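In: Take this sequence and fold it.
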Amino acid sequence: MKVEVIVQNEKDAIAAEQSGADRLELVSAISEGGLTPSYGTIVRVLASVRIPVQVMIRPHSYDFVYDESDFQTIKEDILMTKMLGANGIVFGCLCKNGNIDEPLLEAVLDLADGMDITFHRAFDAVKNQQDAYKALCKYGDKIKRILTSGGKNNAANATAELHHLVKLSHTHNCAIIMPGAGLTPDNIKSVAIETEAKEFHFGSGVRKHQSFAHPIDKQKLKYLKNELNSII
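Out: Prediction:
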């Protein structure tokens with residue numbers, strides 16, 4: 001069982017690693033759903049931890065549809081992130097019709113060649129998740145996991161949908177399904193059992209007062225790690 005934690009800065013990163021996080025997702029502007037962090041933040045976080053860091057690549061919060069101008073920004077951010085030595089990136093892109101924007105995705109995958117890649121919650125805005133999953137399987141050698149709440153606002157309310165996606169991932173031997181959104185130390189055990197997922201993504205659920213305005217709660221993070229380990 002692996003736990004990924006959203007972090008916004010060096011202090012978050014250190015606290016998450018000390019509390020047992022297996023991987024970090026580094027973002028800025030979390031109130032906007034997460035955007036690409038600054039150069040300085042990436043440098044500081046990478047220097048402060050030893051666990052893998054996935055850097056969000058998202059140029060704006062309007063939607064997940066990107067034009068040529070957006071792509072140029074995405075390109076520069078990926079090259080910067082790669083140059084700085086980040087483990088991987090978190091990215092997602094859609095067409096206006098709700099399908100995966102495969103030409104753009106292919107261009108991004110080429111730029112990020114050699115990096116660990118997560119397709120983010122743009123997946124929750126697709127027209128059909130099963131069809132979208134199968135489309136992403138074309139890139140199974142590069143896209144390692146898909147972050148999703150099963151198409152609902154809260155992953156804990158979509159365990160049946162997530163379980164189906166997990167089974168689909170086993171059938172196609174493709175990208176891992178990583179539930180996220182609304183996960184807490186109190187519901188993680190039941191979500192893990194019902195979905196049979198092996199990786200989980202946490203944000204405000206591991207912070208004091210369950211708010212990004214407050215620091216990571218080390219005791220919460222340690223507790224949920226114990227809850228997951230007890231399932232094995």
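
In: Could you check how many residues crowd around residue 72?
Out: 12 (other C-beta atoms under 10 Å). C-betas here are computed from N, CA, C, even on glycine.

In: for residue 80, same thing?
Out: 15.

In: and what of residue 109?
Out: 18.

In: ok, for it, nearest residue in space, not its chain neighbours?
Out: In space, and not counting its chain neighbours, residue 109 is closest to residue 142: 4.9 Å by C-beta to C-beta, 6 or more residues apart in numbering.

In: One more: residue 93?
Out: Computed as C-beta to C-beta, 6+ apart, the closest residue to residue 93 that is not its neighbour in sequence is residue 101, at 4.3 Å.

In: That neighbour and residue 123, how far apart?
Out: From residue 101 over to residue 123 the distance is 12 Å, taken as C-beta to C-beta, to the nearest Å.

In: Which one's more surrounded, these two?
Out: residue 123 (24 against 19).

In: ok, residue 34 touching residue 26?
Out: No: look at residue 34 against residue 26 with C-beta atoms under 8 Å: they stay out of range, at 9.3 Å.

In: okay, and the common contacts of those two?
Out: Shared contacts of residue 34 and residue 26 (C-beta atoms under 8 Å, 6 or more residues apart in numbering): residue 56.

In: ok, the residue nearest to residue 109 - how many residues close by?
Out: Using other C-beta under 10 Å: residue 142 sits among 19 other residues.

In: what do you get for residue 38?
Out: Residue 38, neighbours per other C-beta under 10 Å, totals 11.

In: Show the backbone phi and psi for the spatially closest residue to it that is not a sequence neighbour.
Out: Once flanking residues are discounted, residue 38 sits nearest to residue 28: 6.5 Å by C-beta to C-beta, 6+ apart. In terms of degrees, to the nearest 10, the main-chain angles of residue 28 are phi -120, psi 170.

In: any idea how far residue 153 is from residue 28?
Out: Where residue 153 is concerned, residue 28 sits at a distance of 22 Å (C-beta to C-beta).

In: what's the answer for residue 187, then?
Out: With C-beta to C-beta as the criterion, residue 187 and residue 153 are 14 Å apart.

In: more crowded one of the two?
Out: More crowded of residue 187 and residue 153, by other C-beta under 10 Å: residue 187, with 19 against 12.

In: Using PDB, list the CA coordinates for whichever helix in the chain runs longest.
Out: Ordering each helix of the chain by length in residues (DSSP state H) puts helix 68-84 first. Extracted in PDB, the C-alpha atoms of helix 68-84 (Å, rounded to 0.1, in the frame of the first residue of the first chain):
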ATOM      1  CA  GLU A  68      -1.000  25.900 -28.500                       C
ATOM      2  CA  SER A  69      -0.100  28.800 -26.200                       C
ATOM      3  CA  ASP A  70      -0.800  26.600 -23.200                       C
ATOM      4  CA  PHE A  71       1.300  23.900 -24.700                       C
ATOM      5  CA  GLN A  72       4.300  26.100 -25.000                       C
ATOM      6  CA  THR A  73       4.000  26.900 -21.200                       C
ATOM      7  CA  ILE A  74       3.500  23.200 -20.500                       C
ATOM      8  CA  LYS A  75       6.600  22.400 -22.500                       C
ATOM      9  CA  GLU A  76       8.800  24.900 -20.700                       C
ATOM     10  CA  ASP A  77       7.500  23.700 -17.300                       C
ATOM     11  CA  ILE A  78       8.200  20.000 -18.100                       C
ATOM     12  CA  LEU A  79      11.700  20.800 -19.300                       C
ATOM     13  CA  MET A  80      12.400  22.800 -16.200                       C
ATOM     14  CA  THR A  81      11.000  20.100 -13.900                       C
ATOM     15  CA  LYS A  82      13.000  17.400 -15.700                       C
ATOM     16  CA  MET A  83      16.200  19.500 -15.500                       C
ATOM     17  CA  LEU A  84      15.800  20.000 -11.800                       C
END
